[in-house]
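Trainee: Pasted the sequence and its predicted model underneath.
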Amino acid sequence: MNETFNNKWKSHKNLEEGVYNLLEVYLKNKIKQWKMPNPSSTGPEFYLPANFNWKKEWREFVENYRLCFHGDKDPISWSSFYNYYTKHFDTLKKLNHKTDYCNFCCKIHVQLLNKNLSNEEIENKKMLLNEHLENARQAREAYNEFRRLAALQNQSIVLSFDFSENILLQNLQETPSIFYFKSRRKIEMFGVNNEGSNIQMNYLIDECFKTPKGPNCVISLLDHYIQNYVPIGVNLVLYADNSPAQNKNCTMIPYLSYLVKVLKRHPQIDLYFLIAGHTKFGPDGHFGNTKTEIKRSICYSIKDLIGSEGLVQR
């Protein structure tokens with residue numbers, strides 16, 4: 001908190017009446033830190049990063065309030081905080097899995113609000129944004145068309161693959177408190193999704209066997225799937241995200257060339273990348289369903305995830 005915020009914070013003697021004024025100052029200072037203009041009910045919408053958490057901001061506000069006033073009670077409940085920011089800062093939206101909005105889109109939208117820009121600069125930025133969105137739209141349409149064709153015919157197989165964020169398993173209730181609040185066990189998941197049948201094969205990597213998410217790991221897992229679950233002689237279409245470390249490198253392309261030119265396993269293999277920032281595709285949906293099911297079920301180890309009765313079936 002800066003000095004201005006501290007002075008305004010401590011100037012309120014009646015805490016109950018001043019808490020909403022303090023909250024408004026707090027949120028406006030946060031908006032300045034995010035380098036975004038003050039939102040208004042009639043202004044355009046602005047998207048916050050996907051990792052942003054309003055509940056975390058509420059906790060931070062409560063902690064700062066207690067430090068300034070040396071109190072032990074929450075000045076405002078979470079529900080009141082939620083109602084306040086949704087009413088007065090309703091143009092601030094959070095990115096979610098359905099929001100096709102990347103950092104580049106957000107950056108251009110914010111730059112367009114600069115009143116010092118000339119008409120020519122505004123037109124150039126709008127042209128960049130429209131070109132970016134058009135490329136993302138065309139890539140999405142091509143991806144959906146491949147999925148539709150893969151579901152109708154068996155001449156080609158469309159696969160999409162990606163790494164999930166670490167899965168955190170639950171803690172046993174009998175775990176001593178000194179260990180209970182430590183970091184939970186992490187499981188890495190690599191998914192290869194058959195877009196035609198919408199069936200995904202998940203590879204689980206326990207944290208004690210953690211490997212770098214580089215080309216060696218990606219190609220090893222992808223090769224296992226192709227050798228065991230993809231028939232010989234069919235055209236193969238692969239979709240991956242724009243990660244250079246995993247997919248766009250000097251190892252992936254030679255591997256696919258080896259399958260076609262040397263082994264002659266497939267007559268043709270096409271590798272596509274979705275536009276950076278607009279890479280939500282098949283595996284992400286399966287990852288989300290898996291994580292939701294883990295939260296609803298009893299899952300303490302990797303053995304509870306695999307097997308015929310596991311959450312992630314073989």
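Mentor: Everything's here; your move.
Trainee: Asn247: neighbouring residues, count only.
Mentor: Residues near Asn247, counting by other Cβ atoms under 10 Å, number 22. Every C-beta, even on glycine, is put in place using the N, C-alpha and C of the backbone.
Trainee: That one against Tyr239, yeah?
Mentor: No. At 9.7 Å, Asn247 does not count as touching Tyr239 under the criterion of Cβ atoms under 8 Å.
Trainee: quick one: common contacting residues for the two?
Mentor: Residues touching both Asn247 and Tyr239 (Cβ atoms under 8 Å, 6 or more residues apart in numbering) are Phe273.
Trainee: backbone phi and psi for the closest residue to Phe161 other than its chain neighbours, please?
Mentor: Nearest non-adjacent residue to Phe161, counting by Cβ to Cβ, 6 or more residues apart in numbering: Val192, 4.5 Å away. Dihedral angles phi and psi of Val192 (degrees, to the nearest 10) take the values phi -120, psi 110.
Trainee: ranges for the strands of the stretch 151-300 of the chain?
Mentor: Per DSSP state E, counting those that start in this stretch, the stretch 151-300 of the chain carries strands over the ranges 156-163, 167-168, 186-194, 199-206, 235-240, 269-273.
Trainee: Show me the one of those strands that comes nearest Ala136.
Mentor: strand 269-273 (11.8 Å; Cβ to Cβ).
Trainee: Could you check that closest one and say which residues are buried?
Mentor: Neighbour counts over strand 269-273 (16 or more other Cβ atoms under 10 Å) mark Ile269, Phe273 as buried.
Trainee: Surely Leu169 is in contact with Tyr300?
Mentor: Yes. Leu169 sits in contact with Tyr300 when judged by Cβ under 8 Å, with a separation of 6.2 Å.
Trainee: more crowded one of the two?
Mentor: A direct count of neighbours by other Cβ under 10 Å for Leu169 and Tyr300 places Leu169 higher, at 18 against 15.
Trainee: what sits against the more buried one?
Mentor: Arg184, Arg185, Lys186, Ile187, Ile294, Cys299, Tyr300, Ser301, Ile302.
Trainee: returning to that earlier point: what would the strands of the stretch 151-300 of the chain look like in JSON lines with mean pLDDT and distance to Met127?
Mentor: Converted to JSON lines, the strands of the stretch 151-300 of the chain look like this (pLDDT from 0 to 100; distance: least, Cβ to Cβ, whole Å):
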{"stretch": "strand 156-163", "mean pLDDT": "92", "distance to Met127": "31"}
{"stretch": "strand 167-168", "mean pLDDT": "78", "distance to Met127": "42"}
{"stretch": "strand 186-194", "mean pLDDT": "89", "distance to Met127": "35"}
{"stretch": "strand 199-206", "mean pLDDT": "88", "distance to Met127": "39"}
{"stretch": "strand 235-240", "mean pLDDT": "92", "distance to Met127": "28"}
{"stretch": "strand 269-273", "mean pLDDT": "92", "distance to Met127": "23"}
